[in-house]
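1. Pasting the sequence and the predicted coordinates here, then a few questions.
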2 protein chains.
Amino acid sequence: VEQGDFEGARSLVRPLHPADIADLFELAPQDMRRPIASAIAGLLDGDVLAEMNEWVREELIEALAPHEVAEIATQLDTDDAVAIIEELEEEDQRAVLRAMEPDDRAAIEEALSYPEESAGRLMQRDLIAVPEHWTVGHVLDYLRKNEDLTTDFWEIYVVDHAHHPIGTCKLSWVMRTPRAIGISDVMQREQTLIPVDMDQEEVALRFQKYALISAAVTDPSGRLVGMITVDDIVHIIQEEAGEDILKLSGAGDGDINEPILETVKVRLSWLVVNLGTAVLAASVVGLFQGTISGLVVLAVLMPIVSGMGGNAGTQTMAVAVRALALNQLTSSNTARMILREFRIAIANGLCLGALIGIAVYLIYGNRDLGIVICLAMIINNIIAGLAGILVPVSLDKAGADPAVSSAVFVTTATDVMGFFSFLGLATLWGLHG
Amino acid sequence: VEQGDFEGARSLVRPLHPADIADLFELAPQDMRRPIASAIAGLLDGDVLAEMNEWVREELIEALAPHEVAEIATQLDTDDAVAIIEELEEEDQRAVLRAMEPDDRAAIEEALSYPEESAGRLMQRDLIAVPEHWTVGHVLDYLRKNEDLTTDFWEIYVVDHAHHPIGTCKLSWVMRTPRAIGISDVMQREQTLIPVDMDQEEVALRFQKYALISAAVTDPSGRLVGMITVDDIVHIIQEEAGEDILKLSGAGDGDINEPILETVKVRLSWLVVNLGTAVLAASVVGLFQGTISGLVVLAVLMPIVSGMGGNAGTQTMAVAVRALALNQLTSSNTARMILREFRIAIANGLCLGALIGIAVYLIYGNRDLGIVICLAMIINNIIAGLAGILVPVSLDKAGADPAVSSAVFVTTATDVMGFFSFLGLATLWGLHG
């Protein structure tokens, strides 16, 4: 398409949804993005940028002057504008803000004053709040007469004289109610309020748990300062839930558009940590060189014991990390969960130990070797089960993110104990060739 | 709380949101759940059951008579009722359906006729559809006068005479428009329609991509048959995104309320598959017993090479599985992604190889051993990078779920090649004590 036929490209792209244009852009090879951008310049508006991957967007925005970025940001809801501006270098941020209208600038600056990943950054300031003494008719007239109100709302907030939210009203309720009825008779008084400094992960959990479409955001004094809608939360749920798999493997945020050097840095630092633990595990093997040289088949079998422990530990850990992320694993049921994993570990260990023990006995005709590997397998499965739950739970208690560092501790435990139990038992048993 | 004080328990639980009551229930030990249920019987309505974990719910429902289940299901939206009924044994299903009103029964039976995890199971049949010639005033009067319409809607669908959806109208637009304006002037004609047999994962991706609040569901002839709202999708996004971590580790659906025997079965079958691959990797070590008995330190170092390959492979695999799940990895950029991972693998391999090579040389004073482990590390990192992306991509192309079986193939590749490259090179090099 991109052989000079700019008009053709534009007409192909015009009917698409902003999210699709953003996707097209991300799929294009890096050196084609700038030419495509200039070809479809008029169509690359704020909505497309807001949908775009941060790295791809950065590339594009770097090519723009501050006043152009400011213009784009002005078209957007505060939350989307903040998402674009918060990623700029501080200097560029200031230049863009200077180029904006005072009103818009104040809104963005206020949002930027809240901590990253907090409700304050996510919320939009445009919302519909009405006093409690209004009727449905008042509300409809107010909405029809004031042209500059937002159209992006799903619920109306009812506030008292101090601007504290006292109720929420679904639009469907308002529409099904005669004009003369008071809004306070239609609204729901139980509402889920979001403090402005709440972490976005917590916000996402509330939205999910209570099936919210929108929620009022309040400042520390309880005043209504903004609103979060579910469409902004859906992205966060998707990200936060999918993130754990990347964190557990140490793959950073796993963004395929990230510059390669950045990616190598993140992944390599994780691998170096793991190299340390691998050396630790190897040094355990080193302690038993004498036993191994007496019976080399121990070296053949030892990776089975450590590897199976690693697999079992990873299973338990994945379940624990997920349960912690969903707030399903709390202090009230931790003890029960540990017992549960302990039982599973014993069941798995007995089955796997018997299986491998009998196989080893049949293949090598060495009964003692079969018993040793069976016992080591049982021990290492128990270690795996306990480490798989205790490590994430302890990290969570200590305020660390269990998804980030659990894997190192768990696999270190299963490697070290796998080698130690198998080679140690073989030494005690006096196994030799 | 549960020392006979039923009234106290009831008054504590009454003000809670159904989702919180369901949570309370799940956190309670298994043998306490029945007594709690009978204590707060009147409060355990359909909404609470709909929020409950499937295993916990099953326990409760088993104790109920079919007509009681039928009564609960009747209070719910079709989608929630279906979610409860679809999990029952076939015989119980029939008994419950027989006890329902013919209307409700027909709706549920129709939903059950769609494949599991399809849009047809998720949708609710109650929605607001209006003809295109109506004005905003008509719509408002229709909503106010018909008492039995649903209140659970966020958008209105405009349909033609054949009941095909031709436009969608946010409630906020309707409310901000004077009564005399035609609804077809307010509606948005571009709409995302969901075919009734679409997989729920695909539905979730559409909701997320286009930031939808609700979407019309159409049958194969294009008629409007139902509506899906975002609150039902949020659960699916959360589940599908979080599921991959559990699938990769072979932990089934990782449900902490699953009966323990069920859990052992799922996890053990995965571990047995892995035992097979571990034995395969061990047999590679077996080929080199002669080399190892000549230089036992090879047995000490070999787990480092295989383990580091496993870690690097898992990183790449996690990124690939995520990108596939989010539709970010498509045929148009697969080649580019493979090249990207290949480069990262070489960079990681060179750094880790140099690090471990020098360390081995310094510790054991054996230059050749250092070179061999360095080369093996580079080779295995490349294998890891390629397997990490090629395995999930090929599984996806073959129509399999890459999250489920990628890990076995990738770690088998890195284990086998880790041992083979290290011990093979050592043999070729003629390393001995």
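-> Structure received. Residues are numbered from 1 along each chain as shown, chains lettered A, B, ... in the order given.

2. Tell me which residues touch residue A:408, please.
-> A:273, A:274, A:277 (C-beta atoms under 8 Å, 6 or more residues apart in numbering or on different chains). Every residue, glycine included, has its C-beta placed from N, CA and C.

3. how much space between it and residue A:283?
-> Distance from residue A:408 to residue A:283, counting by C-beta to C-beta, to the nearest Å: 16 Å.

4. quick one on the thing from earlier: looking at the contacts of residue A:408, which are in strands?
-> If you go by DSSP state E, the contacts of residue A:408 have nothing in strands.

5. filter those residues by proximity to chain B?
-> Among those, the ones lying near chain B by C-beta under 8 Å from any C-beta of the partner chain are residue A:274.

6. Inside helices: which ones of the contacts of residue A:408?
-> A:273, A:274, A:277 (DSSP state H).

7. Tell me how many other residues crowd the second one.
-> The local packing count at residue A:274 equals 22, with neighbours defined by other C-beta atoms under 10 Å in any protein chain shown.

8. how about the nearest residue to it, chain neighbours excluded?
-> Once flanking residues are discounted, residue A:274 sits nearest to residue B:311: 4.8 Å by C-beta to C-beta, 6 or more residues apart in numbering or on different chains.

9. now the first one
-> Across the structure, with C-beta to C-beta, 6+ apart as the measure, the residue nearest residue A:273 apart from its sequence neighbours is residue A:408 (6.0 Å).

10. May I see the buried residues of the strand or helix carrying that neighbour?
-> With secondary structure defined by DSSP states H and E, residue A:408 is part of helix A:402-429. By neighbour count on 16 or more other C-beta atoms under 10 Å in any protein chain shown, the buried set for helix A:402-429 is A:402-427.

11. Over to stretch A:166-185?
-> So stretch A:166-185, judged by 16+ other C-beta under 10 Å, has buried residues A:166-177, A:182-184.

12. and what of stretch A:133-153?
-> For stretch A:133-153, by 16+ other C-beta under 10 Å, it's A:134, A:135, A:136, A:139, A:140, A:142, A:143, A:149, A:152, A:153.

13. Quick one: the residues you listed as JSON lines, columns for distance to chain B, pLDDT and secondary structure too.
-> Output for the buried residues of stretch A:133-153, formatted as JSON lines (distance: C-beta to the nearest C-beta, whole Å; pLDDT from 0 to 100; DSSP: H, G, I helix; E, B strand; the rest coil):
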{"residue": "A:134", "distance to chain B": "14", "pLDDT": "95", "secondary structure": "coil"}
{"residue": "A:135", "distance to chain B": "14", "pLDDT": "95", "secondary structure": "strand"}
{"residue": "A:136", "distance to chain B": "10", "pLDDT": "94", "secondary structure": "helix"}
{"residue": "A:139", "distance to chain B": "8", "pLDDT": "94", "secondary structure": "helix"}
{"residue": "A:140", "distance to chain B": "6", "pLDDT": "93", "secondary structure": "helix"}
{"residue": "A:142", "distance to chain B": "10", "pLDDT": "94", "secondary structure": "helix"}
{"residue": "A:143", "distance to chain B": "5", "pLDDT": "93", "secondary structure": "helix"}
{"residue": "A:149", "distance to chain B": "7", "pLDDT": "87", "secondary structure": "coil"}
{"residue": "A:152", "distance to chain B": "7", "pLDDT": "84", "secondary structure": "coil"}
{"residue": "A:153", "distance to chain B": "5", "pLDDT": "92", "secondary structure": "coil"}
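
14. which one of those sits closest to residue A:359?
-> The closest of the buried residues of stretch A:133-153 to residue A:359 turns out to be residue A:152 (C-beta to C-beta; 64.1 Å).

15. hang on, the closest one packs against residue A:80?
-> No - in this structure residue A:152 lies outside contact range of residue A:80 using C-beta atoms under 8 Å: 10.9 Å.

16. Contacts only, for the residue nearest to residue A:30 when sequence neighbours are not counted.
-> Closest residue to residue A:30 apart from its sequence neighbours, by C-beta to C-beta, 6+ apart: residue A:59 at 7.7 Å. Going by C-beta under 8 Å, 6+ apart, residue A:59 touches A:30, A:33, A:34.

17. Run a quick neighbour tally on the first one.
-> The reference is to residue A:30. Applying other C-beta under 10 Å, we find 12 other residues in the vicinity of residue A:30.

18. That one and residue B:119: what is the separation?
-> 36 Å.

19. buried stuff in stretch A:261-269?
-> For stretch A:261-269, the neighbour count (16+ other C-beta under 10 Å) marks A:263, A:264, A:266, A:267, A:268 as buried.

20. can you tell me which residues contact the first one?
-> The contact partners of residue A:263, taken as C-beta under 8 Å, 6+ apart, are A:252, B:344.

21. If we use 10 Å, what do you get?
-> Shown in contact with residue A:263 (C-beta atoms under 10 Å, 6 or more residues apart in numbering or on different chains): A:251-256, B:315, B:319, B:340-341, B:343-344, B:347-348.

22. Derive a ChimeraX selection command for the buried subset of these.
-> In ChimeraX, this line selects whichever of the contacts of residue A:263 come out buried by 16+ other C-beta under 10 Å:
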select /A:251,252,253,254,255,256 /B:315,319,340,341,344,347,348
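
23. Please narrow the contacts of residue A:263 to those residing in helices.
-> B:315, B:319, B:340, B:341, B:343, B:344, B:347, B:348.

24. what subset of those residues is also close to chain A?
-> With C-beta under 10 Å from any C-beta of the partner chain as the criterion, these include B:315, B:319, B:340, B:341, B:343, B:344, B:347, B:348 near chain A.

25. that older thread, with the contacts of residue A:408 in mind, which one is nearest to residue B:95?
-> Using C-beta to C-beta, these come closest to residue B:95 at residue A:274, 55.3 Å.

26. got the CA positions of stretch A:17-29 in CSV?
-> What follows is stretch A:17-29 as a C-alpha-only set of coordinates in CSV (Å, rounded to 0.1, in the frame of the first residue of the first chain):
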residue,chain,number,x,y,z
HIS,A,17,-12.1,2.4,14.5
PRO,A,18,-9.3,4.3,16.3
ALA,A,19,-8.3,1.0,18.0
ASP,A,20,-7.9,-0.7,14.6
ILE,A,21,-5.7,2.2,13.3
ALA,A,22,-3.5,1.9,16.3
ASP,A,23,-3.2,-1.9,15.8
LEU,A,24,-2.3,-1.5,12.2
PHE,A,25,0.4,0.9,13.2
GLU,A,26,1.9,-1.4,15.8
LEU,A,27,1.9,-4.3,13.3
ALA,A,28,3.9,-2.3,10.8
PRO,A,29,7.7,-2.6,10.8
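
27. any bit of that stretch sitting next to chain B?
-> Yes - Stretch A:17-29 is in contact with chain B by C-beta under 10 Å from any C-beta, via A:17, A:18, A:19, A:20, A:22, A:23, A:24, A:26, A:27, A:28, A:29.

28. Now do the contacts for the first one.
-> Read that as residue A:17. Residue A:17 touches A:23, A:47, A:48, A:51, B:190, B:192, B:209, B:210, B:211, counting by C-beta under 10 Å, 6+ apart.
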